[in-house]
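>>> give me the fold of what follows.
(one chain, ligands or ions: 1)
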Amino acid sequence: MEKAAFAAPVPRALATEAVHAGREDLAQLGLHAPPLDLSTTYPSYDAAAEAERIDAFAASGGRLEGPPVYARLDNPTTARFETALARLEGAESAVAFASGMAALTAVLLVRASRGLRHVVAVRPLYGCSDHLLAAGLLGTEVTWTDPAGIAAEIRPDTGLVIVETPANPTLAEVDLDAVRHACGSVPLLVDNTFATPVLQRPLEHGARIVLHSATKYLGGHGDVMGGVVACDEEFAGRLRQVRFATGGVLHPMAGYLLLRGLSTLPVRVRAASATAAELASRLAADPRITRVRYPRIGGAMVSFEVRGDPLRVIAGVRLITPAVSLGSVDTLIQHPASISHRIVAETDRRAAGVGEQLLRLSVGLEDIEDLWLDLDAALDASRAVSPAASGVDSRSGAPLAPGGRGAPAP
Ligand code: PLP
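You can find the predicted model right below:
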């Protein structure tokens, strides 16, 4: 199939782009819904011409002109998602990967391939992003700082500054204009997973690279894993070369689901944000809660610290699902210190504000009163009873053996 020419003639509103971008050629193809192309390879009867195109891909910085060749090089369905996401982020290009972590890996490899192995990063980041940097798994070296300290940490071999805003899981925000200024000529990567382009477009603040765990809001239904980087075409070309060489491609079915997910992104994010804002204000007024964090820019995530046992809240919800991940149509809750940020050393975790009492709620599209009823009951169950006094193990809900917590279950 011919690759589409996805030229956007005039800037369109985000809600319009969400349902039309990446679909410009459909009428010409006689289709209404985007096609799903699962081919791993494509017939080629002119080997010399194909060889030329592959050479051009390698030489030109990673853009394959003409029809597809092999699924690790490119895929027309994934290309539609990339085009749409680039449009939503206001980027020249976007490159999709098998997961958010594969996307971050590719960015780090592109910089390291230029000898720029040092990264300046602001905590908190998502636990596994933190781990990838802190453990030096890719040979990168990281300096952790707060936003005010970025400029002082930049070195000649600094290849990247990384921030997440709002950050996972504290929802801490940075002033993107100030951070961009502090970076000087070093590219700024903003993980925009929590905000989505509906609430924040970091490239408009001078960031060079925007990263998403597409597994979250972009997919939006908890049934697809992916990652995507929005950036200029020059950087996108290098990312495509790394993706081709290392193989972290998005499956076309995931590309299809992500394109479909994007079409409802603005509606989902705005509806869930309205519910989240109301839940945040109810929680803020609740004596069972000691602190609520809700981003200044809004959004569908609420983090809060409970007076009682956070694990009892997790065990107590019935409508809300206790699970990692976020950004689905249904509401999820999790305890970052036990799960999403478990891999971060305890002292670093605490210093970044990820304490034992913190819970992270990803608000979905349910009716607010049903969510509140569920949370309210779970919070009641979490009231500050000491496990010994309650006679119940707060993790399992099982009766405690004489002698208190820790006695092995039969
Ligand atoms: N960035 C953020 C903010 C995340 O929350 C996550 C996952 O939770 C990732 C990146 C990694 O994405 P994935 O799980 O798709 O690899």
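
>>> close to the ligand: what parts of the chain are there?
Contact residues (Cβ under 6 Å from any ligand atom) of the chain with the ligand: 99-101, 126, 128-129, 164, 168, 191, 193, 213, 215, 225, 227. C-betas here are computed from N, CA, C, even on glycine.

>>> pick the one among those closest to residue 84.
residue 227 (15.2 Å; Cβ to Cβ).

>>> quick one, what contacts that closest one?
96-104, 211-215, 250 (Cβ atoms under 8 Å, 6 or more residues apart in numbering).

>>> how close does the closest residue to the ligand within the chain get to residue 253?
Closest residue of the chain to the ligand, Cβ to the nearest ligand atom: residue 100 (2.3 Å). Plainly put, residue 100 is 18 Å away from residue 253 if you go by Cβ to Cβ, to the nearest Å.

>>> settle it for me: which of these two has more neighbours?
residue 100 (24 against 13; other Cβ atoms under 10 Å).

>>> test my guess that the more buried one contacts residue 217.
No: counting by Cβ atoms under 8 Å, residue 100 does not reach residue 217; the two are 11.6 Å apart.

>>> pull up the overlap in contacts between the two.
residue 193.

>>> on the pLDDT front, check the nearest residue to residue 238 once chain neighbours are set aside for me.
Among residues not flanking residue 238 along the chain, residue 110 sits closest, at 4.6 Å (Cβ to Cβ, 6 or more residues apart in numbering). Residue 110 is assigned 97 on the pLDDT scale.

>>> my guess is residue 110 meets residue 237, correct?
No: in terms of Cβ under 8 Å, residue 110 does not count as a neighbour of residue 237; the distance is 9.7 Å.

>>> between the two, which one's more packed in?
Higher neighbour count among residue 110 and residue 237: residue 110, with 23 against 19, using other Cβ under 10 Å.

>>> give me every residue that touches the more buried one.
Contacts for residue 110 (Cβ under 8 Å, 6+ apart) come out as 235, 238-239, 242.

>>> could these be laid out in a markdown table, adding distance to residue 133 and secondary structure?
Shown next, in a markdown table, are those (distance: Cβ to Cβ, whole Å; DSSP: H, G, I helix; E, B strand; the rest coil):
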| residue | distance to residue 133 | secondary structure |
| --- | --- | --- |
| 235 | 19 | helix |
| 238 | 20 | helix |
| 239 | 18 | helix |
| 242 | 17 | helix |
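
>>> please indicate which of the residues you listed are buried?
235, 238-239, 242 (16 or more other Cβ atoms under 10 Å).

>>> got those as JSON lines, with pLDDT columns?
Below are the buried ones among the contacts of residue 110 laid out as JSON lines (pLDDT from 0 to 100):
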{"residue": "235", "pLDDT": "97"}
{"residue": "238", "pLDDT": "95"}
{"residue": "239", "pLDDT": "97"}
{"residue": "242", "pLDDT": "96"}
